[in-house]
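1. Here is a sequence with its predicted model. Questions after.
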Amino acid sequence: MRFLIHILAALGCMSLSCATAADIQTTITLEQGLGRVIEYSPVLKGARYQTSAAEARVRAARLPTPLSVKIELENFAGSGKASGTDILESTLSLARVLETGNQTNLRGDLARQKADLLQNEQDSRRLDLLATTTDRFVSVVSDQEMLEIARKTMKLARHTFEVIEARYKAGKAPASERSRAVIELARTEIELEHAEHKLAASRLRLAATWGDTSPHFDIAEGDLFALDEVVPFDQLKDLLDRNPDLVRFATAQRLAAARTRLARADRRPDIDLYGGVRYLRESEDVALVVSASVPFGTRQRAAPSIEEAEMLALAEPLAQEQRRLELYTTLFEIHQELMHSRSAVETLRQRIIPESRKVLRDLEKGYAQGHYSFVDILLAQRTLLKARIELVSSAADYHRYRAEIDRLTGARLLREARP
């Protein structure tokens, strides 16, 4: 099973039957962890409400200008003949603003582009969260390996102490060597305790990504040392256009264009139109009333807004190009680190660790024959321990870089072959 699934697959293609947060399961895979994040993360739940709110704003923006009712009373409560209501004139009219520049549809388009931009931003945040989950899952798996190394190291230190203790009792080893063995055994016990605490913390940090305050799993199941082949950089750079940041810039350009169209539409004046019925009490007649008002100077008032929208629209492609250059550089750097991590893992597994084991075995045999001191064995043990830790660290780095490349390219890695 692949250690790292493609993060974007988790956005729309993942259909996992995950256990609820209250269920206890002894193991968890990366796929299940990502599924839990999508299902239970408070961040993603909040994003769904924001999407619904944006859709409501789109519907509101597409509504036409409202009708208004106006009641007007004239010629009453005055003096003389107008002191009463004998010559009262009352008018009931309906009014509406007639937008001559198709502003209703343009406002709707602008709201739609804003909603699309929000969706792009949420996609980016979703990928960030899934990348964080992947990173924390890798940390749990690597901390499990570190704990296993700490246990083996303590077992080795205990065995070494027993050998030196026997030699000390037989009078073949000085008290100083026994003391060094005691100190080294105590150090390994401290390191084992630290590894246990570190694993517990990383398990909790992983569970927190989907909103749990305690991990309902015992083991993160993944093969840390199953490394896929590195995809050539030339193939990866062609996928940068799928990066959510660049997709968001494309949406931002459409948003800027929509703002420009709306600003230009404001050059045409809106007409305030009134129409209704007037009642003449004195003659008890009824007459129709129609009025209209048109503002002056709308073209001059709209000019600054048009210029602002046009300048912002011109700036968007430049910002996108700058972001593309930044992503290209970042992708290249991460690709280099990915290749280095894979090379380091192969060198450690095939050369350094086997040679370190051989050196330690030879020293142990020579020590039993009185050819070497305990310090020589101690240095050999630490060399082997350091190599094992570097192996776990390099393998974990490989998977983190692999996930970050998935994040940057916004697409599946092209190969799934293992060495």
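-> Everything's here; your move.

2. Point to the helix or strand of this structure where mean pLDDT is at its lowest.
-> helix 9-12 (a mean of 36; mean pLDDT, DSSP states H and E).

3. Summarise which helices and strands the very next helix or strand once past that helix is packed against.
-> For helix 9-12, the succeeding helix or strand toward the C-terminus, using DSSP states H and E, is strand 27-29. Packing partners of strand 27-29 (3 or more C-beta pairs under 8 Å, 6 or more residues apart in numbering; DSSP states H and E): strand 219-221. (Glycine included, C-beta is placed from N, CA and C.)

4. Can you give me the buried ones in the next helix or strand after the strand it packs on?
-> Heading C-terminal from strand 219-221, the first helix or strand you meet, by DSSP H and E, is helix 233-237. By neighbour count with 16 or more other C-beta atoms under 10 Å, helix 233-237 contains the buried residues 233, 236, 237.

5. I'd assumed residue 335 was in contact with the second one.
-> Yes - the criterion here is C-beta atoms under 8 Å, and residue 236 meets it with residue 335 at 6.5 Å.

6. shared neighbours of those two, anything?
-> residue 405 (C-beta atoms under 8 Å, 6 or more residues apart in numbering).

7. Quick one: name whatever helix or strand follows the lengthiest helix in the chain.
-> Scanning the chain for the helix with the most residues, using DSSP state H, yields helix 103-169. Sequence-wise, the next helix or strand downstream of helix 103-169 (DSSP H and E) is helix 175-208.

8. Which elements pack onto that following helix?
-> helix 103-169, helix 374-409.

9. So for this protein, which residue is the most central one in space?
-> residue 128 (1.6 Å; C-alpha atoms, centre = their mean).

10. Could you find the closest non-adjacent residue to it?
-> residue 407 (7.5 Å; C-beta to C-beta, 6 or more residues apart in numbering).

11. what's the distance between that neighbour and residue 188?
-> The gap separating residue 407 from residue 188 is 38 Å, by C-beta to C-beta, to the nearest Å.

12. What pLDDT does the model give the residue nearest to the centre of the chain?
-> What the model reports as pLDDT for residue 128 is 84.

13. try the one 4 residues further on
-> On the pLDDT scale, residue 132 is placed at 90.

14. Give the full set of residues in contact with it.
-> residue 209.

15. Can you add distance to residue 349 and give the helices and strands packed on helix 175-208 back as CSV?
-> Formatted as CSV, those follow (distance: least, C-beta to C-beta, whole Å):
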stretch, distance to residue 349
helix 103-169, 13
helix 374-409, 6
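
16. right, and those - which one's nearest residue 305?
-> helix 103-169 (12.8 Å; C-beta to C-beta).

17. how big is the angle separating that closest one from helix 175-208?
-> 160 degrees (axes from the mean of the first three to the mean of the last three C-alpha atoms, to 10 degrees).

18. Point out where the protein drops to low pLDDT.
-> The model of the chain has pLDDT under 70 over residues 1-25, 410-419.

19. sorry, back to before: now the longest helix of the chain against helix 374-409, angle please.
-> Using the same axes, to 10 degrees: helix 103-169 against helix 374-409 is 170 degrees.

20. and helix 103-169, how far from the chain's centre?
-> 13 Å (C-alpha atoms, centre = their mean, to the nearest Å).

21. And stretch 74-93, by the same measure?
-> 69 Å.

22. Tell me the spacing between the residue nearest to residue 174 when sequence neighbours are not counted and residue 182.
-> Closest residue in space to residue 174, ignoring its immediate chain neighbours: residue 168 at 7.7 Å, by C-beta to C-beta, 6+ apart. Using C-beta to C-beta, residue 168 is found at 10 Å from residue 182.
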